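Q: Kindly return the folded structure for what I paste below:
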Amino acid sequence: MIVYLVLGLMLFCLILLIQRKLTVGLFLFSVAGLLGLLLTATSIIPFALFMLLMLVLTGVIWLVDSLFFKAKRENAGEYPEVVEYARSFFPVILVVFFVRSFIVEPFKIPSGSMMPTLLAGDFILVNKFHYGLRVPVLNNTFIEVNHPKRGDVFVFHYPPDPSIDYIKRVVGLPGDKIRYQNKRLTINGQLLELNEVGQYNYVSAGLNMVTATQYREKLGEVSHEILNNDWVGNYEHDSIGAKFANDEEITVPAGHYLAMGDNRDNSSDSRVWGFVPEHNLVGKAFFIWMNFDQGSRIGKSVQ
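A: Numbering: from 1, shown residues only. All right, here's what the predicted structure looks like:
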């Protein structure tokens, strides 16, 4: 859908240019921006890289004009179209890029894997500096702040495809020894207590009604709710999920984390694709700022 929208906007800009209702400078900027959005929508380039490229493009145009061409113009206060648009867009892109890279980033929950804590359609805010300040795009930490704690709800780059962001709960820290048997977690020899809350009904993919049992679980200092049902997971050989099914204990490697969804039997998580490397961390989820279907969820903190 986004791809068709971007292509339609590009065609509209071209028509305006032909009709001389759009200047060449604005047309070039529009095409560059729309192409970037198109590449981002199709996951060819990350959005952070697109923002960085636009920041560099507008900044370089403005800088080159200031150093080499501005003094040569008869009226230094008048700028060519391309330079005028670069001057206008650069501060805006800089502010957005800085806030999104180092302070807070919005994120939409795409599925029900974190129910009942987070619902599909929740728009949340992610604290980008909680786990340290990171170089945009490269994601290398240059200032350490905190490390994930057991029970945190965190966003990270999906290990098999880092262009995709996932959200799960931190279950295992580096060095933890973990078992998951009969839908119960044992961490470092301690069986986590589960207290049944009641039944939880929801609609899954395919519009099927699902009834799960809701429990309250405590991970570290975080008390939260999870869902369990009678489904049996089907995991590939040598996956963490297969080892759990064989009652094997796994050890979380140094610099990695074990992540699981709160909807335990309906979540693609570390049991399927492995541990989350420290390098892949994005930030800690902390606030629901919008849900178009359930307004009562707006303003809730993420626990």
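
Q: can you give me the helices in the stretch 151-300 of the chain?
A: Per DSSP state H, counting those that start in this stretch, the stretch 151-300 of the chain carries helices over the ranges 240-245, 270-273.

Q: Looking at these, spot the one closest to residue 158.
A: With C-beta to C-beta as the criterion, residue 158 lies closest to helix 270-273 of the helices of the stretch 151-300 of the chain, at 7.6 Å. (Glycine included, C-beta is placed from N, CA and C.)

Q: Run through who's touching that closest one.
A: With contacts defined as C-beta atoms under 8 Å, 6 or more residues apart in numbering, helix 270-273 is touched by 158-160, 168, 171-172, 180, 233, 235-236, 239-241, 244, 257-260, 276.

Q: what's the most buried one of the helices of the stretch 151-300 of the chain?
A: Stretch with highest mean neighbour count among the helices of the stretch 151-300 of the chain: helix 270-273 (a mean of 21; mean count of other C-beta atoms under 10 Å).

Q: Relative to the whole chain's centre, how far out is that one?
A: Remark: helix 270-273 is offset 18 Å from the chain centroid, using C-alpha atoms, centre = their mean, to the nearest Å.

Q: What mean pLDDT does that helix get?
A: Across helix 270-273, the average pLDDT comes to 97.

Q: same check, this time on stretch 70-82
A: The average pLDDT for stretch 70-82 rounds to 78.

Q: Quick check: buried residues in that stretch?
A: Buried residues in stretch 70-82, counted by 16 or more other C-beta atoms under 10 Å: 79, 82.

Q: Please parse this structure into its domains.
A: Using automatic domain parsing, the domains assigned to the chain come out as 2-104, 107-297.

Q: hang on, the earlier thing: right, and the helices of the stretch 151-300 of the chain - which one's nearest residue 58?
A: helix 270-273 (37.8 Å).

Q: Out of the domains of the chain, name the one with the poorest average pLDDT.
A: Across these, domain 2-104 has the smallest mean pLDDT, namely a mean of 75.

Q: Pull the contacting residues for residue 224.
A: Residue 224 makes contact with 117, 151, 169, 216, 217, 218, 262, 303, according to C-beta under 8 Å, 6+ apart.

Q: Where strands are concerned, which of the residues you listed count?
A: Judged by DSSP state E, the contacts of residue 224 include 169, 216, 217, 218 as members of strands.

Q: didn't the last one look like it was pressed against residue 194?
A: I take that to be residue 218. No. Residue 218 sits out of contact with residue 194 when judged by C-beta atoms under 8 Å, with a separation of 9.2 Å.

Q: just to revisit the earlier point, hmm, which two among the ones in strands among the contacts of residue 224 are most spread apart?
A: 169 and 216 (13.7 Å).

Q: And the two? Which one has more around it.
A: Taking other C-beta atoms under 10 Å, residue 169 and residue 216 do not tie; residue 169 has more neighbours (26 against 13).

Q: Please name whichever of the helices of the stretch 151-300 of the chain is nearest to residue 147.
A: Among the helices of the stretch 151-300 of the chain, helix 270-273 sits nearest to residue 147 (C-beta to C-beta), with 17.0 Å.

Q: The spatially closest residue to residue 97 that is not a sequence neighbour: what's it in contact with?
A: Leaving out its chain neighbours, the residue that sits closest to residue 97 by C-beta to C-beta, 6 or more residues apart in numbering is residue 51, at 4.8 Å. By C-beta under 8 Å, 6+ apart, the contact list for residue 51 reads 93, 96, 97, 100, 136.

Q: State the distance from residue 67 to residue 286.
A: As for residue 67, its distance to residue 286 is 43 Å (criterion: C-beta to C-beta, to the nearest Å).

Q: Of the contacts of helix 270-273, which belong to strands?
A: Under the assignment DSSP E, the contacts of helix 270-273 contribute 168, 171, 172, 180, 257, 258, 259, 260, 276 to strands.

Q: Just give me the longest helix of this structure.
A: Ranked by number of residues, the top helix in the chain under DSSP state H is helix 81-102.

Q: same for that helix, what does it pack against?
A: Helix 81-102 sits against helix 24-41, helix 47-64, with contacts defined as 3 or more C-beta pairs under 8 Å, 6 or more residues apart in numbering; DSSP states H and E.
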